[in-house]
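Asks: below is the structure, and that's it, no one-letter string:
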């Protein structure tokens, strides 16, 4: 795998944030910077590989203890700084996370709390009026995606085989389901929630846009212009709609999800 492929999140962060300085005091595996998109202030956030991470399980872009608490800190700072202002900065999560960080130390030191802290911060920001957008440029796997991106008002993804969303990697899913990877892929072609490709994920109604770009690993000027235009459109769309996540249940493949929620509302 090329360096560009391994650092998709970093490449897109640098392209979108431009020359804006990174926020200091955060783990080296996080990149956070403030800039503007049109007349809207934005904060870009990305989890990136860090070969020097003190937790070995989180050296390849995984979201672990430091990343969870760091994301929560960066989002909380934005919430507090904008609390008294009329314009809340947008939070744009650039997502390329292969997994949460699995390890004994992570479990012992409470990775569940660290990642829950990030989820909570993103959700509170959205509820406080901060537009939240997730831009999927690579893998969006497992608890890492839940902690970084899934709470967004709008999800935008690049159409590319390396962009995929799932609860776990193919090899792990094959072991859990007692199948070969080939058999798992065959099953996924029949059952969209089992699939990894971005078009199958889109059929579940969670994506707002899928973008076709020429260089998904290292954006060209045209790719960057398209993504910026789409982010601006997403911000405008968010401003004219409710801040909850009800827009995710409109797809045909979410009929059962809608019915479950309707039954729960009737009973409760």
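Replies: Cool, got the structure. No experiment lies behind these values; they were computed from the predicted model shown.
Asks: other SSEs contacting the helix ranked longest in the chain?
Replies: Assignment by DSSP state H gives helix 221-239 as the longest helix of the chain. Helix 221-239 is packed against helix 8-17, strand 30-37, strand 132-141, strand 154-158, strand 209-211, with contacts defined by 3 or more Cβ pairs under 8 Å, 6 or more residues apart in numbering; DSSP states H and E. From N, CA and C alone the C-beta is placed, and that goes for glycine too.
Asks: of these, which approaches residue 98 most closely?
Replies: Between residue 98 and the helices and strands packed on helix 221-239, the shortest gap by Cβ to Cβ is with strand 132-141, which sits at 4.8 Å.
Asks: what packs against the closest one?
Replies: helix 8-17, strand 90-97, helix 111-127, strand 154-158, strand 164-166, helix 221-239.
Asks: that one: how far from the chain's middle?
Replies: Here the centre of strand 132-141 is set off from its chain's centre by 3 Å, with Cα atoms, centre = their mean, to the nearest Å.
Asks: so which of the helices and strands packed on strand 132-141 is the most packed in?
Replies: strand 90-97 (a mean of 28; mean count of other Cβ atoms under 10 Å).
Asks: tell me what that one is packed against?
Replies: helix 8-17, strand 40-47, helix 111-127, strand 132-141, helix 142-147.
Asks: ok, and the closest non-adjacent residue to the most centrally placed residue in the chain?
Replies: Among the residues of the chain, residue 149 comes closest to the average C-alpha position under Cα atoms, centre = their mean, at 2.7 Å. Distances taken as Cβ to Cβ, 6 or more residues apart in numbering place residue 134 nearest to residue 149, at 3.5 Å, with adjacent residues excluded.
Asks: got a pLDDT number for that neighbour?
Replies: For residue 134, the pLDDT comes out at 98.
Asks: wait, it touches residue 147, no?
Replies: No - applying Cβ atoms under 8 Å, one finds residue 134 not in contact with residue 147, separated by 11.3 Å.
Asks: coming back round to it: list of residues touching the following helix or strand past the longest helix of the chain?
Replies: Following helix 221-239 in sequence order, the next helix or strand is helix 255-267 (DSSP states H and E). Residues outside helix 255-267 that contact it (Cβ atoms under 8 Å, 6 or more residues apart in numbering) are residue 249.
Asks: so where's the stretch 1-150 of the chain shaky on pLDDT?
Replies: 1-6 (pLDDT under 70).
Asks: repeat that for 90
Replies: Scanning the stretch 1-150 of the chain for pLDDT under 90 picks out the ranges 1-6, 84-86, 102.
Asks: do you know which of the helices and strands packed on strand 90-97 lies nearest residue 79?
Replies: The minimum distance between residue 79 and the helices and strands packed on strand 90-97 falls on helix 111-127, with 5.3 Å, by Cβ to Cβ.
Asks: show me what that closest one is packed against.
Replies: Against helix 111-127 (3+ Cβ pairs under 8 Å, 6+ apart) you get helix 65-81, strand 90-97, strand 132-141, helix 142-147.
Asks: redo that, cut-off 10 Å
Replies: strand 40-47, helix 65-81, strand 90-97, helix 104-108, strand 132-141, helix 142-147 (3 or more Cβ pairs under 10 Å, 6 or more residues apart in numbering; DSSP states H and E).
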